[in-house]
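Asks: Structural data only, the sequence is not supplied:
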């Protein structure tokens, strides 16, 4: 369980094998936060919950399964890419973001990202299957970042990004056309499922929620 409040960023040093959606990949990520990790720990990498397999003072490695590669942006991750990192929520910690599981529901694409005064405006085209989980002022995790939906349209969502988030996450490098991992609010998904069952509608959460 995570909060979507990014603790640090890291840089992918290597991805072995370079492209292999059949057997999976091993990612090596450089970050000072590695000194606080141990093998077996969970860590959110761009919103994907992964397990640390080894670490040293300057970095750590994770195994990424073929299914996770298929349904998240990690399948296209390459050396040099900056990623958002977060350790799991402690039971005695304050919840400043929202409940984030690290189970990606789908991949969106940045439509526009522009400055707006001291802040920024981010527009993301989202998979149609996820639209039922988005509401104005609702929560969404974008590459693991807890954000608030400010606008909805037929293609996706609009989000206001404050300067602190822009400076302290990988969003500062985002460009139109970039793909991002999306996780809808867990509580919203449960509500939608309950309402579907009461209405007698057969359905399951959006495809891809298996990372």
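Replies: Cool, got the structure. Predicted model only: the values in this text are computed from it and were never measured.
Asks: next helix or strand past the lengthiest strand in the chain?
Replies: Using DSSP state E, we find that the single longest strand of the chain is strand 106-116. Counting by DSSP states H and E, the element after strand 106-116 in chain order, helix or strand, is strand 119-125.
Asks: mind checking how far the longest helix along the chain is from the chain centre?
Replies: The longest helix of the chain (DSSP state H) is helix 186-199. Chain-centre distance of helix 186-199: 22 Å, with C-alpha atoms, centre = their mean, to the nearest Å.
Asks: list the helices and strands it packs on?
Replies: With contacts defined as 3 or more C-beta pairs under 8 Å, 6 or more residues apart in numbering; DSSP states H and E, helix 186-199 has no helix or strand neighbours. To be clear about C-beta, it is placed using only N, CA and C from the backbone, and glycine gets the same treatment.
Asks: For it, list every residue counted as buried.
Replies: By 16 or more other C-beta atoms under 10 Å, the buried positions in helix 186-199 come out as 186, 188, 189, 192.
Asks: Where does pLDDT dip in this structure?
Replies: 18-21, 201-211 (pLDDT under 70).
Asks: Show me the domain layout of it.
Replies: Domain assignment for the chain by automatic domain parsing gives 8-86, 106-199.
Asks: The last one: end-to-end distance?
Replies: Right, domain 106-199. Taking C-alpha to C-alpha, to the nearest Å, domain 106-199 runs 25 Å from one end to the other.
Asks: mind checking how far that domain is from the chain centre?
Replies: In terms of C-alpha atoms, centre = their mean, the centre of domain 106-199 is set 10 Å apart from its chain centre.
Asks: quick one: terminal-to-terminal distance for stretch 107-124?
Replies: End-to-end distance (C-alpha to C-alpha), stretch 107-124: 10 Å.
Asks: Can you mark which positions in it are buried?
Replies: 107, 108, 109, 110, 111, 113, 120, 121, 122, 123, 124.
Asks: Ok, stretch 13-32 next?
Replies: Buried residues in stretch 13-32 (16+ other C-beta under 10 Å): 15, 24, 25, 27, 28, 29, 31.
Asks: Among the residues you listed, which lie within strands?
Replies: Of the positions in the buried residues of stretch 13-32, 15, 25, 27, 28, 29 sit in strands, assigned by DSSP E.
Asks: which of these sit farthest apart?
Replies: 25 and 29 (12.0 Å; C-beta to C-beta).
Asks: What is the nearest of the buried residues of stretch 107-124 to residue 60?
Replies: Among the buried residues of stretch 107-124, and counting by C-beta to C-beta, the member closest to residue 60 is residue 107, at 24.1 Å.
Asks: is it true that the closest one touches residue 74?
Replies: No - counting by C-beta atoms under 8 Å, residue 107 does not reach residue 74; the two are 10.2 Å apart.
Asks: Columns distance to residue 145 on top of the buried residues of stretch 13-32, output as JSON lines?
Replies: Below are these laid out as JSON lines (distance: C-beta to C-beta, whole Å):
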{"residue": "15", "distance to residue 145": "22"}
{"residue": "24", "distance to residue 145": "25"}
{"residue": "25", "distance to residue 145": "23"}
{"residue": "27", "distance to residue 145": "19"}
{"residue": "28", "distance to residue 145": "23"}
{"residue": "29", "distance to residue 145": "17"}
{"residue": "31", "distance to residue 145": "16"}
